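Q: after the sequence you'll find the predicted model.
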Amino acid sequence: MDVTHHSSSEPAPPVPEGAGARLQGARDAAEAVGAADVFVFRRVVGDRSVHVGGIGRGEGWAGIVELHLNDDPLAAEAHESRRPVRVASDEPTQIFGPYYAVGAALVPVSGDVMVVFGHPATELKPESDDVLRAGARRASEHLHVVAPAKRLADELELLHAVKHLMDFEGASVEEAMRHVLVTAARALSCELGALYMLEGDRVALFKEGPFPAVDDAAIRGVMRTLAAQGEDLPRCIQDCGDKPLPAPLGADSGVLSYYLLGIGAPRSALMLLIHTQAGPRGFTKLCREIGLRLAESAQSVLAMATSRMTLESEISRMQRETLSDCLTGVANRRAWQAALVSGAAIRGASVVVVDVDNLKAVNDVLGHRFGDEFLKAAAQVLTSSARDSDLVARLGGDEFGVFLRDTDEAECSRFVARIKGNVDSHPGIEGAPDFRLSLAIGWSTCAPGEDIAAAECEADAVMYGHKGARRRTEPPATAAS
């Protein structure tokens, strides 16, 4: 980027006294030097000057930007030389604080007053430094205070941003992160932004306009690096050339200025707000204030979303435990009964009842620890045989049930065949070579509108019938038999 600036060698004439010109006079002066924006600064203390009025962007920024001679070298040069300093560039460059322009002139009017003329797209064209000084005097004489309506509008803008942030009605942490980030980025007119929560390594990305080098994975890496630096926040960098962000948001990425804020105490999240070459500017005093207030309010929004997620997860866990068998992990009798009640209106269903053979013998010979392993094995066989829509439950002791929704008699028979095949191919229980897994099975199918409870009773009776018949005809179910 080609940037040139110089100090005029002409002496500054005395500042005239008397009444100032009308606003139109200030606009005429801006037009005479080819400026679209005018800023009038008055020194308040030390090297700090506040912006009290202006034209163009200078009107909207009245009361919300400042000059700091230690941070703004062009302003310091004009102040020390007491002469106008001009800037010409082939693309927008930083003139002071948040203001970027292609052409600009910083004109000292007195030791306490400085006027900045600028244009975002073209160079200025003053006929002489006298034209700059005359325009600066006229602007400073008329634009000497921030209008009360402007101050009120700024306060309302801040309140509106905070209110919008607190009006979050979403449920998930991701929705809360997105809401916080979008609210802040749009309130500060940023083209790019990110919010990173340290717990869970969560990231949200805001992007308006083309920025192809950035995606969730890339921004997560940037935010991890920033979080690891552990620097005091907030950090506002008006020209990223002074302190570039980590790649891929480094000096050549199109990032011009950024604002990094911490959320929570102790810090739980980071928010990064960025201005790019798509909208060259920095962060005004009002922007920084809005950012701070939003970061403060964001803590409660994110904390509520996190608490809600934790509570919902705990409720879900308790529900699973309430409806699950703690030994086998399948559903328990309570879940089974609820499934039968809800199944009354389905298109048809089947009920399969299963009993683990010889469990008492296993418990008596090997102990209950091995008996538990046989129960777990039975549950695994039934689960692997069932469909995702089927419910496998332990009904108590050595008895299991399988509820097959939307299943006719043929499909139920195929399911029972899968169970038998999986039992036959079961490798056995390690440490119990003398016993094999064996199941007694009964099943029944009911048409739509029929009594599912009656089908359960019929399946149970069939299972006990098979179990009794096998006891009369088969030797003990051991590997040695």
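A: Perfect, thanks for sending it.
Q: lowest-pLDDT helix or strand in the chain?
A: Least confident helix or strand of the chain, by mean pLDDT, DSSP states H and E, is strand 3-7 with a mean of 49.
Q: secondary structure element holding residue 404?
A: strand 399-405 (DSSP states H and E).
Q: buried sites along whichever helix or strand comes after that strand?
A: Later in the chain than strand 399-405, the nearest helix or strand by DSSP H and E is helix 409-424. Buried residues in helix 409-424, counted by 16 or more other C-beta atoms under 10 Å: 412, 415, 416, 419, 422, 423. From N, CA and C alone the C-beta is placed, and that goes for glycine too.
Q: please apply the same query to stretch 161-177.
A: Under the neighbour-count criterion of 16+ other C-beta under 10 Å, stretch 161-177 has 161, 162, 164, 165, 168, 173, 176, 177 buried.
Q: is it fair to say the fifth one lies in a strand?
A: No. Using DSSP: H, G, I helix; E, B strand; the rest coil, the secondary structure at residue 168 is coil, not a strand.
Q: got the phi/psi numbers for it?
A: When read as degrees, to the nearest 10, the backbone of residue 168 gives phi -70, psi 130.
Q: could we number from 56 for the rest of this?
A: Happy to do that; since the first residue is 56 now, the last one works out to residue 223.
Q: measure it to residue 358 for me?
A: Between residue 223 and residue 358 the computed distance is 12 Å (C-beta to C-beta, to the nearest Å).
Q: and for residue 136?
A: 52 Å.
Q: helices along the stretch 256-405 of the chain, start to end?
A: For the stretch 256-405 of the chain, helices defined by DSSP state H, counting those that start in this stretch occupy the ranges 271-284, 340-377, 388-397.
Q: could you tell me the least trusted of these?
A: The stretch with the lowest mean pLDDT among the helices of the stretch 256-405 of the chain is helix 340-377, at a mean of 83.
Q: how much does it deviate in direction from helix 388-397?
A: 90 degrees (axes from the mean of the first three to the mean of the last three C-alpha atoms, to 10 degrees).
Q: gap between helix 340-377 and the chain center?
A: Chain-centre distance of helix 340-377: 11 Å, with C-alpha atoms, centre = their mean, to the nearest Å.
Q: strand partners (parallel or antiparallel) of the longest strand along the chain?
A: Looking across the chain with DSSP state E, the single longest strand is strand 140-151. Here strand 140-151 is paired, per DSSP bridges, with strand 58-62 (antiparallel), strand 154-163 (antiparallel).
Q: tell me which other helices or strands the helix or strand following the last one touches.
A: Right, the one you point to is strand 154-163. Toward the C-terminal end, the helix or strand that comes next after strand 154-163 (DSSP H and E) is strand 168-174. Secondary-structure packing of strand 168-174 (3 or more C-beta pairs under 8 Å, 6 or more residues apart in numbering; DSSP states H and E): strand 92-100, helix 128-136, strand 140-151, strand 154-163, helix 184-197.
Q: surely residue 510 touches residue 407?
A: No. Using C-beta atoms under 8 Å as the test, residue 510 is too far from residue 407 to be in contact (10.0 Å).
Q: which one of those two is surrounded by more residues?
A: Neighbours were counted for residue 510 and for residue 407 using other C-beta atoms under 10 Å; residue 407 has more, 29 against 23.
Q: for the more buried one, name its beta-bridge partners.
A: Where residue 407 sits in a bridge, its partners, by DSSP bridges, are residue 457, residue 498.
Q: tell me which residues touch it, please.
A: 456, 457, 459, 467, 470, 471, 474, 496, 497, 498, 514 (C-beta atoms under 8 Å, 6 or more residues apart in numbering).
Q: what residues are up against the fifth one?
A: The reference is to residue 470. Shown in contact with residue 470 (C-beta under 8 Å, 6+ apart): 405, 407, 440, 441, 445, 457, 459, 462.
Q: ok so, going back, okay, the buried residues of helix 464-479 in a markdown table with pLDDT and distance to residue 449 next?
A: Compiled in a markdown table, these are given as follows (pLDDT from 0 to 100; distance: C-beta to C-beta, whole Å):
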| residue | pLDDT | distance to residue 449 |
| --- | --- | --- |
| 467 | 93 | 20 |
| 470 | 95 | 18 |
| 471 | 95 | 18 |
| 474 | 95 | 15 |
| 477 | 95 | 17 |
| 478 | 95 | 17 |
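Q: considering these, which is situated nearest to residue 348?
A: residue 470 (61.6 Å; C-beta to C-beta).
Q: ok, the closest one to residue 448 distance?
A: 15 Å.
Q: nearest residue to residue 312 other than its sequence neighbours?
A: Nearest non-adjacent residue to residue 312, counting by C-beta to C-beta, 6 or more residues apart in numbering: residue 337, 4.2 Å away.
Q: the one you found: neighbouring residues, count only.
A: As a burial measure, residue 337 scores 24 neighbours (other C-beta under 10 Å).
Q: pLDDT score for it?
A: pLDDT, residue 337: 90.
Q: contact partners for it?
A: With contacts defined as C-beta under 8 Å, 6+ apart, the neighbours of residue 337 are 149, 152, 153, 154, 155, 291, 293, 294, 311, 312, 330.
Q: re the thing from before, just give me the closest of the contacts of residue 407 to residue 179.
A: Closest to residue 179 out of these is residue 459 (82.1 Å), distances taken as C-beta to C-beta.
Q: I figured residue 436 hits residue 496, correct?
A: No. Look at residue 436 against residue 496 with C-beta under 8 Å: they stay out of range, at 10.9 Å.
Q: between these two, which contacts overlap?
A: Common neighbours of residue 436 and residue 496 (C-beta under 8 Å, 6+ apart) are residue 474.
Q: how's this structure carved up into domains?
A: Using automatic domain parsing, the domain ranges for the chain come out as 58-201, 206-365, 388-528.
Q: among those domains, show me which one is buried the most.
A: Mean neighbour count (mean count of other C-beta atoms under 10 Å) peaks for domain 58-201 among the domains of the chain, with a mean of 19.
Q: can you redo the helices and strands packed on strand 168-174 as JSON lines with distance to residue 269?
A: As requested, the helices and strands packed on strand 168-174 are exported to JSON lines (distance: least, C-beta to C-beta, whole Å):
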{"stretch": "strand 92-100", "distance to residue 269": "30"}
{"stretch": "helix 128-136", "distance to residue 269": "30"}
{"stretch": "strand 140-151", "distance to residue 269": "21"}
{"stretch": "strand 154-163", "distance to residue 269": "21"}
{"stretch": "helix 184-197", "distance to residue 269": "40"}
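Q: mean pLDDT added to these, as a markdown table?
A: Shown next, in a markdown table, are these (pLDDT from 0 to 100):
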| stretch | mean pLDDT |
| --- | --- |
| strand 92-100 | 88 |
| helix 128-136 | 94 |
| strand 140-151 | 93 |
| strand 154-163 | 95 |
| helix 184-197 | 85 |
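Q: is residue 516 in contact with residue 509, as I believe?
A: No. Taking contacts as C-beta under 8 Å, residue 516 lies outside contact range of residue 509: 10.6 Å.
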